[in-house]
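Participant: give me a model of this one.
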Amino acid sequence: MDDTLDSPDSFELLPGAVDSPVILHVPHSSRRIPTPVRDGIVLDDAALERELDHITDAHTAEFAKVVAAEAGVTPWRFVNRLSRLVIDPERFPDEREEMLAVGMGAVYTRTTDRTPLRPADVDPRPLIDRYFHPYAGAMTAAVADRLAVTGRAVVVDVHSYPTARLPYELHGDGPRPPICLGTDAFHTPPELVALAEKAFAGVGGVGIDSPFSGAYVPLRYYEREPRVTALMVEIRRDTYMTEPGGPAGPGFSRVASALTALVDALGSWPGSAGTPRL
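Facilitator: So this is what the prediction gives:
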């Protein structure tokens, strides 16, 4: 855990090449929980460590770091330095979020096996105000900067997911391919999917929107700005690590190389989403 009351380093924007439109977004890689936040979690330490094993997208920040070092044009990286058990920056912060049905909105009240994580009557607003809104604002600013400098922004979400379905998954009864590409009807053009399918062809199989779907776009641009395109890359954990929370294995370099190939392809791809909705 973390003994810091405040967490000014709760996220980090790592600059890439000035002419790169690509932002690798890594929201779920950290296990860090500030002590005041830990105090509001009802699990004992052993149970919390087990939950972190299951819920953390282990080694995804390392994937992004390798890609930044090896890509022909260095992408930008936006990395969450806190656990998603503090806040989940990719959830809607209101009733639009379907994961509220299993206690996993922007502030989780349930674990991956649907047991209590926080008291049911917890007020999520302090955590949302302290952590969610600053994160969203900084990510919005990062996308705005890429738009201003390059004329477009491509957000590539870097995630991982377990080989076996966990009880919290709402749509986990479909295929679980080595690579799942999450798409958005407005912000993910078919050409972007095709580039990703080609890049990951050697990883062992690519599926679309199963078991997870969607792609992260800051709300300012969501379904409004076609120059912001987005893709979620969900990497099945057995392809690169020991589950549930173990070390990376020999498959890590193969996945990293595929992700690098995607970023390289995006550097020359002109990009285009749908028609703006005003």
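
Participant: mean confidence (pLDDT) on stretch 108-117, please.
Facilitator: The pLDDT scores in stretch 108-117 average 97.

Participant: next, the buried residues of that stretch.
Facilitator: Going by neighbour count (16 or more other C-beta atoms under 10 Å), the buried part of stretch 108-117 is 108-112, 117. Glycine gets a C-beta too; all of them are placed from N, C-alpha and C.

Participant: next one: stretch 212-219
Facilitator: Neighbour counts using 16+ other C-beta under 10 Å place 212-218 of stretch 212-219 among the buried residues.

Participant: closest to residue 254 out of these?
Facilitator: Minimum distance to residue 254 across these is 21.2 Å, recorded for residue 212 (C-beta to C-beta).

Participant: helix, strand or coil for residue 96?
Facilitator: coil (DSSP: H, G, I helix; E, B strand; the rest coil).

Participant: ramachandran angles for it?
Facilitator: In terms of degrees, to the nearest 10, the main-chain angles of residue 96 are phi -70, psi -20.

Participant: need the pLDDT of it.
Facilitator: At residue 96, the model reports a pLDDT of 91.

Participant: residue 213 now?
Facilitator: For residue 213, pLDDT reads 96.

Participant: show the contacting residues for residue 196.
Facilitator: Going by C-beta atoms under 8 Å, 6 or more residues apart in numbering, residue 196 touches 181, 206, 231, 233, 262.

Participant: same question, residue 91
Facilitator: By C-beta under 8 Å, 6+ apart, the neighbours of residue 91 are 97, 99, 104-106.

Participant: tabulate the buried residues of stretch 212-219 in JSON lines, adding columns for secondary structure and distance to residue 49.
Facilitator: Formatted as JSON lines, these follow (DSSP: H, G, I helix; E, B strand; the rest coil; distance: C-beta to C-beta, whole Å):
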{"residue": "212", "secondary structure": "coil", "distance to residue 49": "24"}
{"residue": "213", "secondary structure": "coil", "distance to residue 49": "29"}
{"residue": "214", "secondary structure": "coil", "distance to residue 49": "29"}
{"residue": "215", "secondary structure": "coil", "distance to residue 49": "30"}
{"residue": "216", "secondary structure": "coil", "distance to residue 49": "27"}
{"residue": "217", "secondary structure": "coil", "distance to residue 49": "33"}
{"residue": "218", "secondary structure": "coil", "distance to residue 49": "32"}
